[in-house]
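[1] build me a model from this:
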Amino acid sequence: MSKKKSSDKSKINIVRSPISSKEENISKKDDGLPKVSITVFCRVVGIKSDQQAGFRYFASQKGLTRLSIPEWEKEYYIFKNKPIGG
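    Numbering: from 1, shown residues only. Sure, this is the predicted structure:
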């Protein structure tokens with residue numbers, strides 16, 4: 001009898017986005033919420049344009065691409081509460 005190894009570890013799939021040519025890692029462990037770009041998040045929440053520029057820079061420095069709305073809200077909270085110039 002041959003034993004099959006079952007891999008119960010969370011696997012990472014690389015998926016090519018239909019909108020851009022960037023590859024994104026999508027893990028099997030998913031919370032079921034859609035991942036959205038920072039542009040969509042800013043429109044949904046209604047962030048002012050001057051704050052959008054700063055938040056976009058903050059997100060690019062951290063390497064954030066597509067997150068769920070609650071994850072974006074956490075990052076935006078961190079951005080708003082960080083010291084100016086810090």
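[2] the closest residue to residue 66 other than its chain neighbours: neighbouring residues, count only.
    If the residues on either side of it in the chain are set aside, residue 66 comes closest to residue 35, at 4.0 Å by C-beta to C-beta, 6 or more residues apart in numbering. (Each C-beta comes from the backbone N, C-alpha and C, glycine too.) Residues lying near residue 35 (other C-beta atoms under 10 Å) number 17.
[3] how near is residue 35 to residue 55?
    Distance of residue 35 to residue 55, given as C-beta to C-beta, to the nearest Å: 17 Å.
[4] pretty sure the residue nearest to residue 66 contacts residue 69?
    No: counting by C-beta atoms under 8 Å, residue 69 is not a contact partner of residue 35; they are 9.4 Å apart.
[5] next structured bit after the helix or strand of the chain with the lowest mean pLDDT?
    Of all helical and strand segments in the chain, the minimum by mean pLDDT, DSSP states H and E falls on strand 23-27, at a mean of 52. Going down the chain from strand 23-27, the next helix or strand is strand 36-37, by DSSP states H and E.
[6] contacts for that next one?
    Strand 36-37 has contacts (C-beta atoms under 8 Å, 6 or more residues apart in numbering) with 44, 65-69, 72.
[7] again with stretch 66-84
    The contact list for stretch 66-84 (C-beta under 8 Å, 6+ apart) reads 24, 31, 33-38, 41, 44-45, 47, 54-55, 58-59, 62, 64.
[8] residues of it that come out buried?
    Buried residues in stretch 66-84, defined by neighbour count with 16 or more other C-beta atoms under 10 Å: 66-68, 71-72, 75-76, 79.
[9] list just the nearest of the residues you listed to residue 85.
    Nearest to residue 85, judged by C-beta to C-beta, of the buried residues of stretch 66-84 is residue 79 at 13.6 Å.
[10] so which helix or strand takes in that closest one?
    Assigned by DSSP H and E, residue 79 belongs to helix 69-81.
[11] averaged pLDDT, that helix. What do you get?
    For helix 69-81, mean pLDDT rounds to 94.
[12] pull out the buried members of the contacts of stretch 66-84.
    35-38, 41, 47, 55, 58-59, 64.
[13] now those in CSV, with distance to residue 84 and pLDDT?
    Output for the buried ones among the contacts of stretch 66-84, formatted as CSV (distance: C-beta to C-beta, whole Å; pLDDT from 0 to 100):
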residue, distance to residue 84, pLDDT
35, 30, 94
36, 27, 94
37, 26, 94
38, 21, 94
41, 22, 94
47, 17, 92
55, 14, 94
58, 12, 94
59, 17, 95
64, 20, 93
